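1. got a structure for you, letters missing:
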């Protein structure tokens, strides 16, 4: 029984929306809702094969492991960027602001701020009142030399 393709759920509609998302973009909660709906709506006289259920449970584990790995890699990247930015404190840099204006000066502090979407975090250096994304640094000059 192929109930996944026959039951239109919010998760499926979300995944095939106008934004071009695919079923690979369905998160673990959506996948669980989809599977529970599938189990609730299966034909009691022709239930789903145990192998199919095990395969879906395996897919849930894979999705969960991938999400965990992504979270771990994001944390490692933030740590690496924070370490890199911290090493810039006291050094003179030239960089571009978010609006594209060039700014130069000595880095006096570093911060980690959430992106506007809230999903990611950005390491920013501060030169006076300017806040600059770490990736926008153009030159680094050791101010003590």
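-> Looks like it arrived, so ask away. What you see is a predicted model; the values in this text were computed from it and never measured.

2. now the strands for the chain?
-> Shown for the chain, the strands assigned by DSSP state E span residues 92-96, 102-106, 109-114, 121-127, 130-133, 137-141.

3. Straight-line length of stretch 80-92, end to end?
-> Using C-alpha to C-alpha, to the nearest Å, the end-to-end distance of stretch 80-92 comes to 20 Å.

4. domains for the chain, by residue range?
-> For the chain, the structural domains run 3-71, 81-141, going by automatic domain parsing.

5. Serialize these to a markdown table and add fields for mean neighbour count and mean pLDDT.
-> All C-beta spots, glycine's among them, are computed from the backbone N, C-alpha and C. Below are these laid out as a markdown table (neighbours: other C-beta atoms under 10 Å; pLDDT from 0 to 100):
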| stretch | mean neighbour count | mean pLDDT |
| --- | --- | --- |
| domain 3-71 | 12 | 67 |
| domain 81-141 | 14 | 90 |
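
6. out of the strands of the chain, nearest to residue 69?
-> Proximity to residue 69 (C-beta to C-beta) singles out strand 121-127 among the strands of the chain, at 17.5 Å.

7. That closest one versus strand 102-106: what angle between them?
-> Orientation of strand 121-127 against strand 102-106 (axes from the mean of the first three to the mean of the last three C-alpha atoms, to 10 degrees) gives an angle of 70 degrees.

8. And strand 121-127, how far out from the chain middle?
-> Between the centre of strand 121-127 and the centre of its chain there are 18 Å (C-alpha atoms, centre = their mean, to the nearest Å).

9. Spatially nearest residue to residue 131, not counting backbone neighbours?
-> Sequence neighbours aside, residue 124 is the residue nearest to residue 131 in space, at 4.9 Å (criterion: C-beta to C-beta, 6 or more residues apart in numbering).
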